[in-house]
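Colleague: Give me a 3D structure for the following:
(chains A, B, C and D)
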Amino acid sequence: MKKKLCMLLALLLVVTTLGACGNGAAPASTASASASGGNPTDKTPIKVAVAGPLTGNYSEYGIGFDAACKIMVDKWNKDGGINGRPIELLSYDEKSSTEEGLAIAQLLCGEDNFYGVVGHFSASMAVGTLYTEERVPLISASSSSAGFTGQGDCCFRLNATISTETMGMLECAKTAGKTKLGVVYLNNDWGRNAYDNLKTLLQEKGNEDWEIVDAEEIAGGDMDYNAVISNLNAAGAETAIMFCYYDSVVPFTIKARTVMPDLNIVCGVNCYNDTFLKVGGKDVEGCMAPSVFAAVSDDPDVKYFVDEYKARTTQVPSSLTAQAYDAMGVLLTAIAENNGELDKEAILKSIQNNDYKGVTGSCSFSENRDATRNFSPMVVSNGQWIYY
Amino acid sequence: MILEVKNINTYYENIHALKDVSLEVNEGEIVALIGSNGAGKTTTLSTIIGIKKPKSGEIFFMGKNITQTSTHEIVKMGIGLSPEGRLVFPDLTVEENLRVGAYLRKGAEIDKGYEYVYSLFPRLYERKNQASGTLSGGEQQMLAIGRALMNRPKLLMLDEPSLGLAPNLVIMIFKLIKKIRDMGVTILLIEQNANMSLHIADRGYVLETGCVKLADTAANLRNNEAVKKAYLGG
Amino acid sequence: MFVEQLINGLAIGTIYALVAVGYSLVFGILRLVNFTHSSVYTLGAFMVYVGVEYLHLNIFLAILFSLVTTGFAGVMIDKMGLEPLRKKGASKISAMITTIGLSYIIINCLNIAFGSQIIRFPDLFNYGTFKLLGATIAWQQVIIGAVALILLVALSIFINRTRIGLAMRAVQQEPSAAAINGINVNMIISLTFFLGAASAAIAGTLIASYNQYLRSSMGDIVGLKAFAAAVLGGIGSLPGSVLGGLIIGVSESMAVYKLGGSYIDMVAFSLLFLVLLIRPYGILGRKGSTKV
Amino acid sequence: MNMKKENKSLYTKAVITIGQLWENPIIKGIILLALALFVYFLPKMATLYFQRIAIMVAFYAIGAYTAVLLTTYRGTNYLVAVILGACLAGAFGALLALSTMRLSGTYVTIVTMAFFYVISSIILNWDSVTKGSVGVLNIPAPNLFGMKLTMKNGGIFYLIMFYAALTILATQLIINSKVGRAIKAVRDDEMAAIMMGINNKKYKIIAYTLAAFFAGLAGTLYGPFMGYINNATFNYDICISALVIVILGGIGTVKGAIIGAIIISPLGELLRGLTTFMKGLPEWMQISQPEQWRFVIYGMIMVIMMRFRPQGILGGQSKLPYKMPKGVERKVMK
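Modeller: Below is the predicted model of the structure:
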């Protein structure tokens, strides 16, 4: 009796799988739908998506992406959409989980009239292959993993690669002129790769004056940074290069100010945000970071974005948020360029060859689909990120 | 009448443990409750002291209805219980155990309590700073009774005080029970050793499978053929 | 350098100890691993923040406010979540899952109210640094260690020397015997939850002011480490919890000193693993008092 | 399919997401995990469910990593890698059983929890082999007899369902065997089992090994499914979702685990729909961070279920009479 029931359940599982595979066939119908997209009187919305963690430990990133993309889409819709068709932004919560991100990617691939995704945070390394299979353009505003764009020719990265960012941070350190470097790096792929990168950078260029006196791997999160600071202090570090997220940089900096008040702190692009300044207060004064985006800029596009963002979220947009804004800009421009002819391959080509100029500067991609980013050293002064 | 139990029915989930049990205890008496294992003796005591709540029936202590009163209130009113298996606090010293017994008392009363208990059980005085888990069985039994006495109860209920003790100790414990009664404490006694308990008791109840089968004076019960056969070893 | 790392370890270790004591108290009395403890710890720190930021209280009043509200929250957890289960005679697992569920509710409500990002917390004892045996030591660390130690001593006196403390120990050892001696067992359990929650609130406040920030996820790691500390020392034993906390704290700072920061968890838990294999009831735990 | 285009109401959205439900990898992973748990007979471990799940995740990770590393870097045949992964997890299970033999109750819990952290720590720090936090990229699709099973051709779903069916079958067979009954006896009352002459140590080890084996087997699916794994893949969140599912369905039954997975998974999706719906409400009816309430609801499910139906929706003591083997039944009847 029990055995039979179990067999029945097993059968049920198999049957539902068949159903699932039926859904999996969705892309076929998408193709026919896109063919009808050429009709100029068609008012069917053109769908694009933003996916990021709206809940969970990294929610601030996702919330930023979400808001920035909305601003961009609203701007386009105000100007009449694309070819008279409105743009619909689908927004998904990745819940800071890779599985969830993959589920969302599967959901998105089944959508009709759907032409591209901005984002993915936790799942960027898991979804690339799927999007490539389905020929959906994916532009990441945050990924720094070395292998991200290697997942397929539909994966574009608007964020700086690890080596570019490391170079930018080293430039910051050089500007400040303190030669004894203490590296603090997160025990994830970014932290470890960046540290390796820094070592090679210093070797290659023959920078004899610059030496790494201490390197500390940290677990991030809510750990006690005193032990790390003691090590740095003992090694006589003058500049701390922080390959970690701002939620580690701020606690570290606050602690370091007690024991090592003169320590020069250089952090990554992700620290260019409002929370960093608000929580860090006077302790983060003098912290340096390379950035492609400067909210203090006079550029009218930047002003529009910053004002609009402030109005919606009461915060100043972060560097990564600005990249998400530009990523959406790149995507929509590419769709519009193909004027009515909504062919995914053409859109991909347009993204690859774009000459979009956004709030984070030029957004053109290299052959490897990595954006070339130009950093300027920024520093915190009077509670604001300004040019150094 | 100090205690009156009227038709109580107590359940353990689906098991009907006490069926219409009624009993009375008069001031100054020793009342024995005898019966075989599982007859419901311990359940009766648990129900009286409020650890188990009866589904129906009423319990009166000194004229007050205590059926729904919580255990610590009942204890405060003057019922003490020396539980089956002694249940001393093993990591507390003897004196701390007694102190717990006097939990509801204050200041001088506590010291009086120590005096009272130590005079009854000089053995406990000798061991007063020893962890009670290290005491012998007899000593633990004394401690359990002493602890119940610390609160100066009007009614003391003893659950199997002679269980697992050497014969000479059993006699000593029964002597002590009589002595405690003579000092003015009413006693409700549960015993496997029906013979001994009916000797010191004034009245007795026989409990079988949750029902009161017999209620009489101890002397009559001792001579009852059925009781003799079942509980007194012929 | 060694001395400096030792002090770092001891400072964080006393905090672990303070949290571990809460686990130990509740475990001792209910034989239940109270998973709400780490969320109560977080709640305590947030209540101080609420007091300062929203009620505009003086910092000491805010701490008092936090102690009372968090302690009360601890009592509510017991009264609303666990007491009905005890009355029903539900299994231990039900109680444990209830605590997991409650902690999920508390943490995510905090998350909804304050967001998941870090929030600045007032600095209570920043008096600079001093030198000792060539080591740079922050006054913060000394004060935090001292406050935590004083609290632990006070708690230990309370439990070992007062009437209520005696009742707590009695309930811990034989709850049914405690009841027949006139102890209101439910009240003692609630009181234990109050004490546990209040000590967690103080620990949370100390940590938040030590790090000068707080956030809703701050209890995750500390809760786990403190739990490990309680077990390492022998759960249910107060001195054991303190010893366990200090061992875990020092071993962590030594891990950073000698191995690197990502070995923190590995060292702490490997240590726990080994100790339990050699002494199954923890360093100061005794078999008799830890029946489960 | 065309329905989708025209209708965007919450209802349709929910229907679609339920349709897509079986494409969510974690759900299938968890079904297997829960099934494996069922085999996880451990003596007197009823109180320690949470940690039981934590440790299953550890074995799950061992299986996943072994299979993934072998197929990705050594080009091992998929089937061979799967068997090796499951066996290695099983071996770790036996090892853990041996090391916890002296412990009881809560202490077993804690050791297993420590084990979970030590395993994840090893995955993180032994990066020359496990690739640590960088993770294993481009995990090849399982290749069975020259057929590539990918997400696109649906092969992977069939594979997972095949595994699920296999696991159900295997657990049923084991449960109804002599070994299964012995393990159950040890789990339910160790002392009585010893009295009856059952070698409790032997069966404890067998139980741990079997449980670890099935968890490892489930794990081997994970890598090809996600195409990417790293140290953060196997975390405490998986434990919590697994826990909620098992509680909701009913602890200790195969049916329960499956029902739990079926109910909980669309709940997440429905709440996602609900938040979309709430965003459409007028301003004054808005709730801040609606997405976050999902977790609060998870917590409430746990608390409410424990209060009113701790045995789960389907759980409960089997009321069926004990089934004797055929021969015995006849003799007794006569």
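Colleague: in chain B, what spans have low per-residue confidence?
Modeller: B:234 (pLDDT under 70).
Colleague: all helices of it, in order?
Modeller: Counting by DSSP state H, chain B has helices at residues B:41-49, B:71-77, B:94-101, B:107-120, B:122-126, B:137-150, B:167-182, B:194-200, B:218-223, B:225-231.
Colleague: hey, which helix or strand in chain A has the poorest pLDDT?
Modeller: helix A:26-35 (a mean of 37; mean pLDDT, DSSP states H and E).
Colleague: Tell me which residues of stretch C:147-160 come out buried.
Modeller: C:147, C:148, C:151, C:152, C:155, C:159 (16 or more other C-beta atoms under 10 Å in any protein chain shown). From N, CA and C alone the C-beta is placed, and that goes for glycine too.
Colleague: can you check stretch A:232-246 too?
Modeller: For stretch A:232-246, using 16+ other C-beta under 10 Å, the buried residues are A:232-235, A:237-246.
Colleague: do stretch C:90-105 as well
Modeller: By 16+ other C-beta under 10 Å, the buried positions in stretch C:90-105 come out as C:90-105.
Colleague: now check that stretch, is it near chain D?
Modeller: Yes: contact of stretch C:90-105 with chain D (C-beta under 8 Å from any C-beta of the partner chain) involves C:90-98, C:100-105.
Colleague: Among these, which lie within strands?
Modeller: Using DSSP state E, no member of the residues of stretch C:90-105 next to chain D sits in strands.
Colleague: out of the residues you listed, which touch chain B?
Modeller: Okay, of the residues of stretch C:90-105 next to chain D, nothing touches chain B (C-beta under 8 Å from any C-beta).
Colleague: I'd assumed residue A:48 was in a helix, is it?
Modeller: No: with DSSP: H, G, I helix; E, B strand; the rest coil as the criterion, residue A:48 is strand rather than part of a helix.
Colleague: what secondary structure does the nearest residue to it once chain neighbours are set aside sit in?
Modeller: Leaving aside its chain neighbours, residue A:48 sits nearest to residue A:116 (5.2 Å; criterion: C-beta to C-beta, 6 or more residues apart in numbering or on different chains). Following three-state DSSP, we place residue A:116 in the strand state.
Colleague: tell me the domain ranges of chain A?
Modeller: Following automatic domain parsing, one gets these domains for chain A: A:2-159+A:302-362, A:162-291.
Colleague: related to what we said a few turns ago, ok, the residue nearest to residue A:48 - how many residues close by?
Modeller: Residue A:116 has 27 neighbouring residues, counting by other C-beta atoms under 10 Å in any protein chain shown.
Colleague: what do you get for residue A:80?
Modeller: When neighbours are counted by other C-beta under 10 Å, residue A:80 registers 10.
Colleague: For it, what are phi and psi?
Modeller: Backbone geometry at residue A:80, expressed as degrees, to the nearest 10, gives phi 100, psi 10.
Colleague: quick one: it from residue A:354, how far?
Modeller: Per C-beta to C-beta, to the nearest Å, residue A:80 is found 21 Å from residue A:354.
Colleague: Test my guess that residue C:137 contacts residue C:143.
Modeller: No: using C-beta atoms under 8 Å, residue C:137 is not in contact with residue C:143; the gap is 11.1 Å.
Colleague: quick one, phi/psi of residue 140?
Modeller: Since you didn't name a chain, this refers to chain A. Backbone torsions of residue A:140, given as degrees, to the nearest 10, read phi -90, psi 140.
Colleague: wrong one, I was asking about chain D
Modeller: Dihedral angles for residue D:140 - degrees, to the nearest 10 - are phi -70, psi 150.
Colleague: Give me the neighbour count for residue 138.
Modeller: Assuming you mean chain A. Here the number of neighbours of residue A:138 (other C-beta under 10 Å) works out to 33.
Colleague: please go with chain C instead
Modeller: Residues lying near residue C:138 (other C-beta under 10 Å) number 23.
Colleague: List the beta-bridge partners for it.
Modeller: Per DSSP bridges, the residues bridged to residue C:138 are residue C:129.
Colleague: Please tell me I have it right and it contacts residue C:129.
Modeller: Yes: Residue C:138 lies in contact with residue C:129 (C-beta under 8 Å); the separation is 5.0 Å.
Colleague: where do the contact lists of these two overlap?
Modeller: A:258, A:259 (C-beta atoms under 8 Å, 6 or more residues apart in numbering or on different chains).
Colleague: The closest residue to residue B:18 other than its chain neighbours: how many residues sit nearby?
Modeller: Among residues not flanking residue B:18 along the chain, residue B:10 sits closest, at 4.1 Å (C-beta to C-beta, 6+ apart). Residues within reach of residue B:10, counting by other C-beta under 10 Å, total 22.
Colleague: next one: the one 4 residues further on
Modeller: Around residue B:14 sit 5 other residues, with neighbours defined as other C-beta under 10 Å.
Colleague: Which one of the residues of stretch C:90-105 next to chain D is nearest to residue A:360?
Modeller: For the residues of stretch C:90-105 next to chain D, the minimum distance to residue A:360 (C-beta to C-beta) is 38.4 Å, reached by residue C:104.
Colleague: how about the closest one, what does it touch?
Modeller: Contacts of residue C:104 by C-beta under 8 Å, 6+ apart are D:240, D:295, D:296, D:298, D:299, D:302.
Colleague: Check it and give its pLDDT.
Modeller: Predicted confidence (pLDDT) for residue C:104: 87.
Colleague: Spatially nearest residue to residue C:210, not counting backbone neighbours?
Modeller: Per C-beta to C-beta, 6+ apart, closest to residue C:210 is residue C:144, 5.4 Å.
Colleague: a strand runs through that neighbour, doesn't it?
Modeller: No: counting by three-state DSSP, residue C:144 is not part of a strand but helix.
Colleague: any idea how far it lies from residue C:137?
Modeller: According to C-beta to C-beta, residue C:144 and residue C:137 sit 12 Å apart.
Colleague: now residue C:37
Modeller: Distance from residue C:37 to residue C:137, by C-beta to C-beta: 30 Å.
Colleague: Looking at these two, which is more packed in?
Modeller: Higher neighbour count among residue C:37 and residue C:137: residue C:37, with 31 against 20, using other C-beta under 10 Å.
Colleague: quick one on the thing from earlier: need the helices of chain B in CSV with mean neighbour count and distance to chain C, can you?
Modeller: As requested, the helices of chain B are exported to CSV (neighbours: other C-beta atoms under 10 Å in any protein chain shown; distance: least, C-beta to the nearest C-beta, whole Å):
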stretch, mean neighbour count, distance to chain C
helix B:41-49, 24, 6
helix B:71-77, 20, 4
helix B:94-101, 25, 5
helix B:107-120, 15, 10
helix B:122-126, 15, 16
helix B:137-150, 24, 6
helix B:167-182, 15, 17
helix B:194-200, 20, 21
helix B:218-223, 17, 26
helix B:225-231, 15, 27
